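>>> task: produce atomic coordinates for the following.
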Amino acid sequence: MEVLLVHLCARSDDGKPRQAISILISYFQGVMTFGLLKYRPLRLDAYNYDFPLWGHVFGWFLSLSSMLCIPVYAIYLWCVTEGTFSEVRLQFVGVLEKKI
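Model prediction:
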């Protein structure tokens with residue numbers, strides 16, 4: 001998996017990021033969007049039981065508490081870094097290239 005990510009994050013010969021990153025981001029956004037649009041509350045048909053609303057809220061809270069850590073921290077880091085939008089973006093891309 002790491003080899004795939006390194007390959008996708010690398011730059012092409014002309015110095016621009018590979019298109020695969022934007023394709024993957026679009027794909028994952030589509031999966032999340034359709035998953036949320038087609039969401040149905042959990043139900044046990046064998047016992048004709050619908051789980052209560054607080055159970056759904058608690059389950060979503062547990063799921064989102066781990067999933068939102070990375071994007072929230074990335075947004076925070078973006079906001080506290082000095083420079084214009086383009087400068088911050090280039091600074092983060094430079095950090096990514098150094099780690100690869």
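>>> going forward, measure contacts between C-alpha atoms and count neighbours the same way
OK.
>>> now Ser63: which helix or strand?
Element membership for Ser63 (DSSP states H and E) is helix 53-67.
>>> what helix or strand is Thr33 on?
Taking DSSP H and E as the definition, Thr33 sits inside helix 19-37.
>>> scratch that, Arg40
Taking DSSP H and E as the definition, one finds Arg40 inside no helix or strand.
>>> can you classify the residue of the chain most remote from its centre as helix, strand or coil?
Here the centre of the chain is the reference, and by C-alpha atoms, centre = their mean the most remote residue is Tyr47, at 36.3 Å. The local conformation at Tyr47, judged by DSSP: H, G, I helix; E, B strand; the rest coil, is coil.
>>> how close does it sit to Leu36?
Shown here: Tyr47 relative to Leu36, a distance of 26 Å by C-alpha to C-alpha, to the nearest Å.
>>> cool, and Ala74?
Taken as C-alpha to C-alpha, the span from Ala74 to Leu36 is 23 Å.
>>> do Ile75 as well
For Ile75, the distance to Leu36 (C-alpha to C-alpha) stands at 22 Å.
>>> and stretch 63-78, average pLDDT?
Average pLDDT, stretch 63-78: 87.
>>> touching it from outside, list them.
For stretch 63-78, the surrounding residues in contact (C-alpha atoms under 8 Å, 6 or more residues apart in numbering) are Val88.
>>> dead centre of the chain: give me the residue that sits there.
Pro71 (6.4 Å).
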